[in-house]
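Engineer: Build me a model from this:
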Amino acid sequence: MSTANTPAAPQWSSRLGFILASAGSAIGLGAIWKFPFWAGANGGAAFIIPFIVFTMTVGLVLVAAEIALGRRGRGSTVSAMRRVGGRAWGLMGAFSVLTSFLILSYYAVVGGWCAAYLANAVTGDVVSNDPAALRAQFADLVSTDWKNLFWFAVFLLLTAATAALGVERGIERLAKYLMPTLFVLMVVLIVRGLMLPGAWAGVEYLFDFRWESVTAASIRDAMGFTFFSLSLGAGVLVTYGTYVPKSTSIPKASFWVAVLSIEAALLSGLMTMPAAFAFGLSPDAGPGLVFITVPMIFERIPAGGLFAVLFYVCLLVAALTSSVSLLEVVVAFLKNEWHFSRRAATVTSGALLFVLGSISALSFGSWSGFTLFGRSIFDCLDFICSNVMMPAGGLAVALLMGWKVWETTCTELSTPSGPGPAALELARVLLAYLSPILILATVYQGVFF
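Structural biologist: From the prediction side, this is the model:
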């Protein structure tokens, strides 16, 4: 379909800025917070190997497809998919907007924990070599309603303020200058953590492959984490794709997004798991694992208090790159479909997110006794979004790109130095056949088992 008369959109100022912003939506808490305890709970390599395979096959082509659809359609996820595929596909775009909204409602709670730990690092209250004290500190934060709600609100305000600045001045600037700093600090922490007595057992746990750990659940979670880490099926990359200039090679950018996602996840595992074993913590200790192990590493580093502040500044920024990307999906929808100004769209989204997100925050405290399908509200939202809604959104992209609009949209993937006809045909096979099969199997296993 023609994209003439499409409303003008802001653009990334550079390919690097776009890659870092897109990867930042994964390199944030997707890698640092979620990967270590998911890998720990699923047997290490039994989870890591399928995650890498899924990322470099299905994940890679879906990243490219979402960006291509966004650049072809221009606008919000809804308007881009409607312009490219027709009115019915706009409904799937709306589904992706809802997915982003729901993810951000509980993700911002974790972002609030990052803000709280930064405040503690500044006052010197986060560095300790006592795992029991650190567990108690984390438990107090998440179970005390007013504390959890306060830091959740702080993080949501930071997210809204960044999104209100726009693409280049807000989102891109954060990712471009502070994400590399996070990588450097992660490497420093990995080197120090590996020097701890007993740390090597954590490396072995991560990378030793054990057949008995391979289960349908571990493969399902690996597929779900692929979608979570690459922000697939939530409209993020379709929205970001609308800001990509024609001069940017989508295949090359997609490759680097996938590679950086894997690299960040592995670095996070190496930063957390060896230290967890060195300090006698369980590898499947849950969402608080990174908030308990990392402070103990700082205690053993010269000028550890300073490193703690720097680390939590960067962790907060990493969390913001993810949360802003999710909020941008909602803001772009309100701007394009309802003609809100950016400021009004940001304020409206933030207010609604605070209401819904408060429920997730309270699920660790006064509402901890309320469960849905045997899970807390927070865990239930995380499970549904990661294992059902994001794969379903990815399925829509695969079917639209692989079956309906390939002939008109694959030109977005073609560049003089890009993939040849054979590579493009392989990408179509992955989109049209393999991706739907794997996604449907993941959703089925996630819902019924």
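Engineer: Now do the helices in the stretch 101-250 of the chain.
Structural biologist: 131-143, 145-164, 173-194, 200-207, 216-230, 236-241, 250-278 (DSSP state H, counting those that start in this stretch).
Engineer: Would you reformat those helices as CSV and include mean neighbour count and distance to A318?
Structural biologist: Heads up, the C-betas are built off the backbone N, CA and C, glycines and all. As requested, the helices of the stretch 101-250 of the chain are exported to CSV (neighbours: other C-beta atoms under 10 Å; distance: least, C-beta to C-beta, whole Å):
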stretch, mean neighbour count, distance to A318
helix 131-143, 16, 19
helix 145-164, 20, 12
helix 173-194, 19, 5
helix 200-207, 18, 21
helix 216-230, 25, 13
helix 236-241, 30, 15
helix 250-278, 24, 9
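Engineer: For L316, which of those helices is the nearest?
Structural biologist: Closest to L316 of the helices of the stretch 101-250 of the chain, according to C-beta to C-beta: helix 145-164, at 7.8 Å.
Engineer: State the pLDDT value of S13.
Structural biologist: S13 is assigned 55 on the pLDDT scale.
Engineer: How about A4?
Structural biologist: Reported pLDDT for A4: 39.
Engineer: what does A265 give?
Structural biologist: 90.
Engineer: hang on, it packs against F35?
Structural biologist: Yes: contact criterion C-beta atoms under 8 Å: A265 and F35 qualify, at 4.3 Å.
Engineer: what is in contact with the two at once?
Structural biologist: S229 (C-beta atoms under 8 Å, 6 or more residues apart in numbering).
Engineer: Can you give me the neighbour number for C314?
Structural biologist: A count of nearby residues for C314, using other C-beta atoms under 10 Å, gives 22.
Engineer: Actually, L310.
Structural biologist: 18.
Engineer: Then L430?
Structural biologist: Around L430 there are 19 residues (other C-beta under 10 Å).
Engineer: what's the distance between it and G402?
Structural biologist: Counting by C-beta to C-beta, to the nearest Å, the gap from L430 to G402 is 8 Å.
Engineer: ok, back up a step: show me the one of the helices of the stretch 101-250 of the chain that comes nearest M56.
Structural biologist: helix 250-278 (6.1 Å).
Engineer: mind checking how far the closest one is from the chain centre?
Structural biologist: Mean C-alpha position of helix 250-278 versus that of the full chain (C-alpha atoms, centre = their mean, to the nearest Å) differs by 12 Å.
Engineer: and the angle from that helix to helix 173-194?
Structural biologist: 40 degrees (axes from the mean of the first three to the mean of the last three C-alpha atoms, to 10 degrees).
Engineer: Heading C-terminal from helix 250-278, find the next helix or strand.
Structural biologist: helix 289-298 (DSSP states H and E).
Engineer: Which strands and helices lie in contact with that following helix?
Structural biologist: Using 3 or more C-beta pairs under 8 Å, 6 or more residues apart in numbering; DSSP states H and E, the elements in contact with helix 289-298 are helix 35-41, helix 87-123, helix 131-143, helix 173-194, helix 250-278, helix 304-338.
Engineer: Identify the residue spatially nearest to C314, adjacent ones excluded.
Structural biologist: L182 (3.9 Å; C-beta to C-beta, 6 or more residues apart in numbering).
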